[in-house]
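Colleague: Here is a sequence with its predicted model. Questions after.
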Amino acid sequence: MTSVPAVRPAEAALPAFNLSNVRTLRLFAFALDAVVVVVLWWLWGALMVALAWPTYGASFGLAIFMPLIGVFYSGLTAGSGAMATFGMRAVGLKLSDTGGNPVGFIIAAGHALVLWLAITWSWGTLAAAMMAVSLFHPAKRAAHDLLTGVILSRR
């Protein structure tokens, strides 16, 4: 008969992360990143309008990609060597796996996708509940952090 450890091995082996004020800083980072995503949406819209005349309006078919702009933005920035979006960098946060290693594009984009879906599907109610998990988790990890196996910490 084997015994089961009381703590999952991944949680037990967490390196020391600086978690001071992470919950507040991640909200400011999200607000800054939301501004960046809105600017990217505006630029995408301007591109569609600029291409409308030569393509006889077919460029407006590119509008289906607008919801993915925020996901790609997060995947490309947080999944890079900088380990952070521009908003995270501005407030001094980084996104890593539980071992402190950088995450790739797929994990970073998935992390953002879960949050964006929670915001849009429930008008923010589900996202607030996901963030409330961080009030009770010892490492201040939100539900979408736990789902994707990442941790947000200070640089």
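Modeller: Received it, and whenever you're ready, just let me know what you need. Numbering: from 1, shown residues only.
Colleague: Please report phi then psi for Arg141.
Modeller: Dihedral pair for Arg141: phi -90, psi 130, per degrees, to the nearest 10.
Colleague: I misspoke; the intended subject was Val38.
Modeller: phi -60, psi -40.
Colleague: Ok, Pro138 next?
Modeller: phi -60, psi -30.
Colleague: Find me the pLDDT at it, would you?
Modeller: As predicted, Pro138 sits at a pLDDT of 88.
Colleague: Then Leu95?
Modeller: Reported pLDDT for Leu95: 95.
Colleague: That one is in what secondary structure piece?
Modeller: In the assignment (DSSP states H and E), Leu95 maps to strand 93-97.
Colleague: right, and the helix or strand after that strand?
Modeller: Next helix or strand after strand 93-97 toward the C-terminus (DSSP H and E): helix 105-122.
Colleague: Give the buried residues for that following helix.
Modeller: Under the neighbour-count criterion of 16 or more other C-beta atoms under 10 Å, helix 105-122 has 107-116, 118-119 buried. Backbone N, C-alpha and C define where each C-beta goes, glycine included.
Colleague: Stretch 23-33 now?
Modeller: 25-26, 29-30, 32-33.
Colleague: now those in JSON lines, with pLDDT and distance to Asn18?
Modeller: As requested, those are exported to JSON lines (pLDDT from 0 to 100; distance: C-beta to C-beta, whole Å):
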{"residue": "Leu25", "pLDDT": "95", "distance to Asn18": "11"}
{"residue": "Arg26", "pLDDT": "93", "distance to Asn18": "13"}
{"residue": "Ala29", "pLDDT": "96", "distance to Asn18": "15"}
{"residue": "Phe30", "pLDDT": "93", "distance to Asn18": "19"}
{"residue": "Leu32", "pLDDT": "97", "distance to Asn18": "20"}
{"residue": "Asp33", "pLDDT": "96", "distance to Asn18": "21"}
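Colleague: Return the subset of these lying in strands.
Modeller: Residues of the buried residues of stretch 23-33 located in strands (DSSP state E): none.
Colleague: what's the closest of these to Ala128?
Modeller: Set against Ala128, the nearest of the buried residues of stretch 23-33 by C-beta to C-beta is Phe30 (12.1 Å).
Colleague: residues in contact with the closest one?
Modeller: Phe30 is in contact with Gly87, counting by C-beta atoms under 8 Å, 6 or more residues apart in numbering.
Colleague: centroid residue for the protein?
Modeller: Ala112 (3.3 Å; C-alpha atoms, centre = their mean).
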